[in-house]
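Visitor: the following block contains a protein sequence and its predicted model.
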Amino acid sequence: MSGTRIFCAVLLVALAAIEANTQTLRTRPAANSSTDVPAVRTIALSVPAGAPLQIALDREVRVRKVGQTVHARLMQSVYAFDQQVLPAGAEVNGHIARIGGAGGKRLILSILNADFTPTRPIEVAFDDIVLADGRHVPLRVAVVPGSGQVIRLVDSSSANGARAKNPLSAKMDEAKQQWKQAMSQVKQPGKMHRALRIGIAQLPVHPQYIDAGTLYYAELQEPLKFGDESRKEEAFQAVGTLPPPGSLVRASLLTPLDSSTTKFGAPVEALVSKPLFDGDRLILPQGARLEGSVLQVRPARRLKRNGALRIAFHDLVLPNGSSLRADTTIEGMQSGQGDNASLDPEGGTKATSPKSRFIKTGLSVSLALVGQGGKNDVGDAGPAAGGATAFRLVGIAVGLAVRSHSLAILMSAYGGSRSIYTNFLGRGRNISFPKDATMEIGFGGRAVSPISSGP
């Protein structure tokens, strides 16, 4: 009996030792536990539907028919969260999707100007983008209304001829250099071809061209997916902090602006299109938003007084919904070359009238005076000059054929007065920025604090 008791005691002691050892193993951290291995987050490298692509024709296109192929280049790199997925300069293939007709008013004015082939609206579609390895990625995009013009990047130095020295100067100069490098891929026609086109444009019937460098904002209708990547959790520690003073952020305008229709105080939004890093730390991923408002708006008026706009962004909204108060300035904006826009240091933009209007008006008035000269004074030059003032080559031909100085006086009076009205008395140009136009936004040095928190 005693042996049985001893055996049971030994067994109980052994079981107690095994239980204690098991508890120790349960509480002891494993060598490969999360305390030793940094947490990893998986990032989907996807460009969402609605994201804009900036695509420019890299060669001149003579418009012939619907379905005609066009060749273009990607003007700005495309990013997914914190990584570039499509490089600037990538080839893009497309075609002419539609050739519209000239409107009634445009057609009448064109005929009055002896131009029987007025400019027709051309719709372009883009089919695929060619990656560096030769793969063709199909595109399903919608071209934004208002795009399809030659664009230039305007900064505040265009207003006063020289940029004031500040921490953003070098970064803005770098952004302009990147734009020039992108545009260097565009094959501009030579001087002889440009001169020939100017001459052809004077004919009453002439072909229509789409200029090299014409830029289209094309929004994705379906997302582009480039797989997943892993990032250590520590890579996101700086996300959600305000960019350091002197940071320059590239963003795409979400709110189209036009000085003729935009109201004072209207909200304005822009989407960060290029991630911002502070060294190796990610500060702003692609997809963060900037919110602001219209501070000043002035529509175009008579006597060639042009329109003006002034906007400012004051809130930074992160992808997780949290918002920060921000002190920003508009350092650069994309604008149509025909707008001849200028940007002042406070972020105000306005259309300006080209100085060439003085030369054009002076030439027209000079021709008009020649056209009104007496027959004994100018001979056959009077009818030719009068016709050139009003109807260009057609007017010259009519003037030489009819040789009527009375007709020359009428044509020269019409042409000269029209030139004066168009360049000095008529309504000025409104300034407009289509949706997805690029903006370069600088961050200032005011101390700010969060104003709201999201999930």
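Guide: On my side now, so go ahead. Not measured: the values here are computed from a predicted model.
Visitor: which segments of the protein make up each domain?
Guide: 46-228+239-353+429-452, 356-425 (automatic domain parsing).
Visitor: compare the mean pLDDT across these and name the weakest.
Guide: Between the domains of the chain, the one with the least mean pLDDT is domain 356-425; it has a mean of 63.
Visitor: which parts of the stretch 1-150 of the chain are helices?
Guide: Under the criterion DSSP state H, counting those that start in this stretch, the stretch 1-150 of the chain carries helices at the ranges 2-27, 104-112.
Visitor: can you give me the strands for the stretch 151-300 of the chain?
Guide: In the stretch 151-300 of the chain, the strands defined using DSSP state E, counting those that start in this stretch lie at 209-210, 214-220, 224-232, 248-253, 257-258, 267-272, 276-278, 281-284, 289-298.
Visitor: between these, which one is nearest to Lys304?
Guide: When those are ranked by distance to Lys304, counting by Cβ to Cβ, first place goes to strand 289-298 at 13.6 Å. From N, CA and C alone the C-beta is placed, and that goes for glycine too.
Visitor: contacting residues around the closest one?
Guide: Where contact means Cβ atoms under 8 Å, 6 or more residues apart in numbering, the residues beyond strand 289-298 that reach it are 249, 251, 254, 257, 259, 262-272, 307-317, 326, 328, 348, 350, 441.
Visitor: buried subset of these, written for PyMOL?
Guide: This is how PyMOL selects the buried members of the contacts of strand 289-298, with burial counted by 16 or more other Cβ atoms under 10 Å:
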select buried, resi 249+251+254+257+259+262+268+269+270+271+272+307+308+309+310+311+312+313+315+316+317+326+328+348+350+441
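Visitor: mind listing what's buried in stretch 98-118?
Guide: By 16+ other Cβ under 10 Å, the buried positions in stretch 98-118 come out as Ala102, Ser110, Asn113, Ala114, Asp115, Pro118.
Visitor: do stretch 292-304 as well
Guide: For stretch 292-304, burial by neighbour count (16+ other Cβ under 10 Å) applies to Gly292, Val294, Val297, Arg298, Pro299, Ala300, Lys304.
Visitor: just stretch 53-72 next, same as before
Guide: So for stretch 53-72, counting by 16+ other Cβ under 10 Å, buried means 53-61, 63, 68, 70, 72.
Visitor: let me have the domains of the chain in CSV, adding distance to Val40 as columns.
Guide: Formatted as CSV, the domains of the chain follow (distance: least, Cβ to Cβ, whole Å):
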stretch, distance to Val40
domain 46-228+239-353+429-452, 11
domain 356-425, 60
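Visitor: mind checking which of those domains is nearest Ala39?
Guide: Ranking these by proximity to Ala39 (Cβ to Cβ) places domain 46-228+239-353+429-452 first, at 14.6 Å.
Visitor: so how far is that closest one from its chain's centroid?
Guide: Relative to the mean C-alpha coordinate of its chain, domain 46-228+239-353+429-452 is positioned 1 Å out (Cα atoms, centre = their mean, to the nearest Å).
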